[in-house]
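Enquirer: Can you look at this prediction? I've put the sequence above it.
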Protein chains: 2
Amino acid sequence: MTKKAKSNPVRRRPQQRRARQTVDAVLDAAVRLMKREGFGSLTTNRIAEVAGVSIGSVYQYFPDKRAIFIALHERHVEQIDRIIGATLIEHAAASLDTLIHAIVEAMVDAHKGDPELYELLMHEVPHRADGTADFATRLHGAFRLALSSRGGELKNGRDLDRRAFIVTHMVESLCHGAVLRRPSGLSLREATEEVVRAVLAYLRE
Amino acid sequence: MTKKAKSNPVRRRPQQRRARQTVDAVLDAAVRLMKREGFGSLTTNRIAEVAGVSIGSVYQYFPDKRAIFIALHERHVEQIDRIIGATLIEHAAASLDTLIHAIVEAMVDAHKGDPELYELLMHEVPHRADGTADFATRLHGAFRLALSSRGGELKNGRDLDRRAFIVTHMVESLCHGAVLRRPSGLSLREATEEVVRAVLAYLRE
DNA sequence: AGAATATATGTAGATTTGCTCATATATTGA
DNA sequence: TCAATATATGAGCAAATCTACATATATTCT
């Protein structure tokens, strides 16, 4: 398995188009393999093979196997980031009700397309070790902003942080839950609506 | 890394006390090593060494390295299960308010003692692959029961499932968040109280 | 006490995996 | 055109996982 943090092996960053294609091919191959054979039997050589590149190319852009997983998470977080950002802008002037509604629906939509992948990302693929920029942290800022321009009774920053903290975790966890863990007999639409209700109940409390 | 599902290597299950001690020693050693040197540099030989048992003993109870991780998760889930169960019994006759309060505080208490471990379990140690009995699924039943004997307006099972689904994910995610991801400037006590407020706001909605 | 069973040891090695490196090819820029 | 730079290759090494197994000790049962 992974060695003990060898002397900082700096890797090349892709700058030409084919390099970026190589990187993408590696990430896509990793996903395809995980879905097909499970996370446990993922090997770097096999990833390279399925990606159609040589093992050497993989290690030009990823310092180690872990880095592939981190990149997978980053790719996902960036996608969600874009979706949330767009939703915030689109509903900049809307009420809190419709904003929350829009964000929750956007989150659910973003995940329902490929639930298998997000299940893997959530429960199998190890997250990054250093504490930088996990998903909740990045959502927090967005919600803080959205709440600050709306909540009349939220006077100071501490209140804002408190509210944003709860809302962030509710949205993240409940949207994932609605897609991946909702009880049988509860449709995705019903679950989504209930998530919205829960968040708004808290914000109106 | 793990092989491709070799011919079902059935392992011994501990029945004597010293066997259980061996198993525990292995799990404890894995945790100690992860904290000390990170998940990435965990090796089975080193685990055996730190546990004070031979590598042969390790493989008598764990079919492969992954099984050690799975056992780590199971151990944690069982601990939380016991705590939740005890809290439910202790407050069987209490109001919904005090029950939720008690459960949230119990969850936070259970995690605040060793946040480093739970951070590892959440983000580094891969979860089990088969979908059996994850934490949320098990909490769901408990909350369903607790709500059924209290919520006056919850008529049928669908409503119950809906409510229990939301509450389960809120409690799990927000308690973890309060311990591991609360914004600086928000004390653990404040965060915990806010979690309770959020859950109750939803249940009273 | 003595047989049956469960547990522990640890070396030797086969197999697998992560990752390196010397070398070759493609692209860019002047 | 041709040097400089970026990208791609893949055999092979070091290290890890996991097995096999002969041996020794501890526990349980009658």
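Expert: Right, received. Where do you want to start? This structure is a prediction, so every number in the text was calculated from the model and none was measured.
Enquirer: wait, does the helix-or-strand element of chain A with minimal mean pLDDT contact chain B?
Expert: Least confident helix or strand of chain A, by mean pLDDT, DSSP states H and E, is helix A:135-148 with a mean of 88. Yes. Using C-beta under 8 Å from any C-beta of the partner chain, helix A:135-148 reaches chain B at A:136-137, A:140. In short, each C-beta sits where N, CA and C put it, glycine included.
Enquirer: any idea how chain A splits into domains?
Expert: Per automatic domain parsing, the structural domains of chain A span A:17-62, A:69-204.
Enquirer: which stretch among these comes nearest residue B:64?
Expert: Closest of these to residue B:64 is domain A:17-62, at 8.6 Å (criterion: C-beta to C-beta).
Enquirer: you'd agree residue A:87 is up against residue A:102?
Expert: Yes. When contacts are counted by C-beta atoms under 8 Å, residue A:87 is listed as touching residue A:102 (5.1 Å).
Enquirer: Could you measure from residue A:183 over to DNA strand D?
Expert: 35 Å (C-beta to the nearest atom of the strand, to the nearest Å).
Enquirer: OK, contacts around that residue?
Expert: B:140, B:161-162, B:164-165 (C-beta atoms under 8 Å, 6 or more residues apart in numbering or on different chains).
Enquirer: In chain A, which helix is the longest?
Expert: helix A:65-90 (DSSP state H).
Enquirer: Point out the other helices and strands that that one packs with.
Expert: Where contact means 3 or more C-beta pairs under 8 Å, 6 or more residues apart in numbering or on different chains; DSSP states H and E, helix A:65-90 is packed against helix A:17-37, helix A:44-51, helix A:96-112, helix A:115-123, helix A:135-148.
Enquirer: rewinding a little: with just CA atoms, put the least confident helix or strand of chain A into PDB.
Expert: Taking C-alpha atoms only, helix A:135-148 is exported to PDB below (Å, rounded to 0.1, in the frame of the first residue of the first chain):
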ATOM      1  CA  PHE A 135     -18.000  20.500   1.200                       C
ATOM      2  CA  ALA A 136     -19.800  21.800   4.300                       C
ATOM      3  CA  THR A 137     -17.200  24.500   4.800                       C
ATOM      4  CA  ARG A 138     -17.700  25.800   1.400                       C
ATOM      5  CA  LEU A 139     -21.500  25.700   1.600                       C
ATOM      6  CA  HIS A 140     -21.300  27.600   4.900                       C
ATOM      7  CA  GLY A 141     -20.100  30.800   3.200                       C
ATOM      8  CA  ALA A 142     -22.900  30.700   0.600                       C
ATOM      9  CA  PHE A 143     -25.600  30.200   3.200                       C
ATOM     10  CA  ARG A 144     -24.200  32.900   5.400                       C
ATOM     11  CA  LEU A 145     -24.400  35.300   2.600                       C
ATOM     12  CA  ALA A 146     -27.900  34.200   1.600                       C
ATOM     13  CA  LEU A 147     -29.200  34.500   5.200                       C
ATOM     14  CA  SER A 148     -27.500  37.800   5.900                       C
END
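Enquirer: low pLDDT regions in chain A?
Expert: In the predicted model, chain A carries pLDDT under 70 at residues A:1-10, A:129, A:131-133, A:151-158.
Enquirer: For it, which residues are neighbours of DNA strand D?
Expert: Residues of chain A lying close to DNA strand D (C-beta under 7 Å from any atom of the strand) are A:1, A:3-4, A:12-16, A:18-19, A:21-22, A:45, A:53-57, A:59-60.
Enquirer: now, which of the residues you listed lie within strands?
Expert: Taking DSSP state E, every one of those sits outside strands.
Enquirer: In PyMOL, how would I select just the buried ones from those residues?
Expert: Selecting only the buried entries of the residues of chain A next to DNA strand D in PyMOL, with 16 or more other C-beta atoms under 10 Å in any protein chain shown as the criterion:
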select buried, chain A and resi 22+53+57+59+60
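Enquirer: Identify those among the residues of chain A next to DNA strand D that sit within helices.
Expert: Those of these lying in helices (DSSP H): A:18-19, A:21-22, A:45, A:55-57, A:59-60.
Enquirer: Identify the farthest-apart pair in the contacts of residue A:183.
Expert: Longest span within these, C-beta to C-beta: B:140 and B:162, 11.1 Å.
Enquirer: who has more neighbours, the two?
Expert: residue B:162 (21 against 18; other C-beta atoms under 10 Å in any protein chain shown).
Enquirer: residue contacts, that one?
Expert: With contacts defined as C-beta under 8 Å, 6+ apart, the neighbours of residue B:162 are A:183, A:186, A:190-191, A:194.
Enquirer: now that we have those, which one has the most neighbours?
Expert: Among the contacts of residue B:162, residue A:191 has the most neighbours (other C-beta under 10 Å), with 22 neighbours.
Enquirer: host element of it?
Expert: Using DSSP states H and E, the element containing residue A:191 is helix A:188-204.
Enquirer: Of all the residues in chain A, which one is nearest chain B?
Expert: Closest contact between chain A and chain B, by C-beta to the nearest C-beta, is at residue A:173 (3.3 Å).
Enquirer: next one: the helix or strand where residue A:166 lies to chain centre, how far?
Expert: Using DSSP H and E, residue A:166 sits within helix A:157-180. Here the centre of helix A:157-180 is set off from its chain's centre by 14 Å, with C-alpha atoms, centre = their mean, to the nearest Å.
Enquirer: Specify the angle between that helix and helix A:96-112 in degrees.
Expert: Using axes from the mean of the first three to the mean of the last three C-alpha atoms, to 10 degrees, the inter-axis angle of helix A:157-180 relative to helix A:96-112 is 40 degrees.
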